[in-house]
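[1] what shape does this take:
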Amino acid sequence: MSGAHKLSPSQWEALAGPLRLCSAAEVAHSLPAAQWLDEALCAERLDALSPVIGSPTRRITASLLGKRLSFLMTGACLYAMSAYDRGLALTLDNALVDARHDGKVWISSLPLRDLGTSTPEPGQREAWRRGLATTLFAGLLQPLWEVFYQVSGVPRRILWENTAVRVYSLYERRLAKHESPEVRERARADLHWLLADASNEVFGLAYNPLAHFDRPPTPIPGSDRSVRVRRTCCFYYRASDPVEYCSTCPLICPRPSQ
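    Residues are numbered from 1 along each chain as shown. This is a model prediction of the structure:
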């Protein structure tokens, strides 16, 4: 792959806006993801976050923070890859965990120490893509989800489905509407690879979680909408007052036909 490149102003606007990418220098009191692998520190941070987000237990906090981090970490990385052929360095040392919440909504971002990007060499995009995805999933998210599980007991399946639903949404709701036909086609190919061809090693697991949780949308009775009903519950309803459920929650959505 080629050396570090800066994002263009328009690319930066797309990634820093709704996808919340920022420089680590802009965010105080956030630690590199590598430091969160310390179980005592992780437990302390989760317990401090619980009353802020209205969570009654560390387990629920771990799931909800994991869901937010899944949005931040997969969103900017995979959007840059599919829309711009740019690779952000989502590593344990380069990515910071920002857990800011104002008591009502998340206000956290994706702070990176180094905002330089890589680009694929001619004819090497598949290898470049595989490397980026492996760094993101096996290198960053898998260790984080493992320590979340160890300190809180939140099932690994919940953490990985939190990740999967964010990836589906990014490609099916955001990239599928990109104005460029070339980008839409590249994004379709990238999503197909992630779901059908990415090996277990890309995720650092014995299975591909994006493929495992993938199932067709289910029609909502009395509506013209269809949603991907989750297999697991993220516990969002346990930290909301009044009680609210995610639109894809298996507790309220009809079960998909088998």
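[2] from residue 95, how far off is residue 27?
    Noted for residue 27: a distance of 11 Å to residue 95, by CB to CB, to the nearest Å. For every residue, glycine as well, the C-beta is placed using N, CA and C.
[3] okay, these two: which has more neighbours?
    residue 95 (30 against 15; other CB atoms under 10 Å).
[4] surely that one is in contact with residue 140?
    Yes. At 6.2 Å, residue 95 counts as touching residue 140 under the criterion of CB atoms under 8 Å.
[5] heading C-terminal from the longest helix seen in the chain, find the next helix or strand.
    Longest helix in the chain by number of residues, with DSSP state H as the criterion: helix 58-84. As assigned by DSSP states H and E, the chain's next helix or strand after helix 58-84 is strand 87-88.
[6] what lies in contact with that next one?
    Strand 87-88 has contacts (CB atoms under 8 Å, 6 or more residues apart in numbering) with 1, 21, 76-77, 80-81, 112, 115, 117-120, 128, 131-132.
[7] ok, stretch 47-61 next?
    The contact list for stretch 47-61 (CB under 8 Å, 6+ apart) reads 43, 46, 64-65, 99, 101, 103, 151-154, 235, 238-241.
[8] which of those residues ranks first by neighbour count?
    Neighbour-wise, the contacts of stretch 47-61 (other CB under 10 Å) top out at residue 65, 29 neighbours.
[9] which residues are in contact with it?
    Residues in contact with residue 65 (CB under 8 Å, 6+ apart) are 46, 49, 99, 148.
[10] same check on residue 174?
    By CB under 8 Å, 6+ apart, the residues touching residue 174 are residue 79.
[11] count of neighbours near the residue nearest to residue 98 when sequence neighbours are not counted?
    Once flanking residues are discounted, residue 98 sits nearest to residue 108: 4.0 Å by CB to CB, 6 or more residues apart in numbering. Residue 108 is flanked by 22 other residues according to other CB under 10 Å.
[12] please renumber the chain so that the first residue is 18 from this point on.
    Sure, I'll start numbering at 18, so the last one becomes residue 125.
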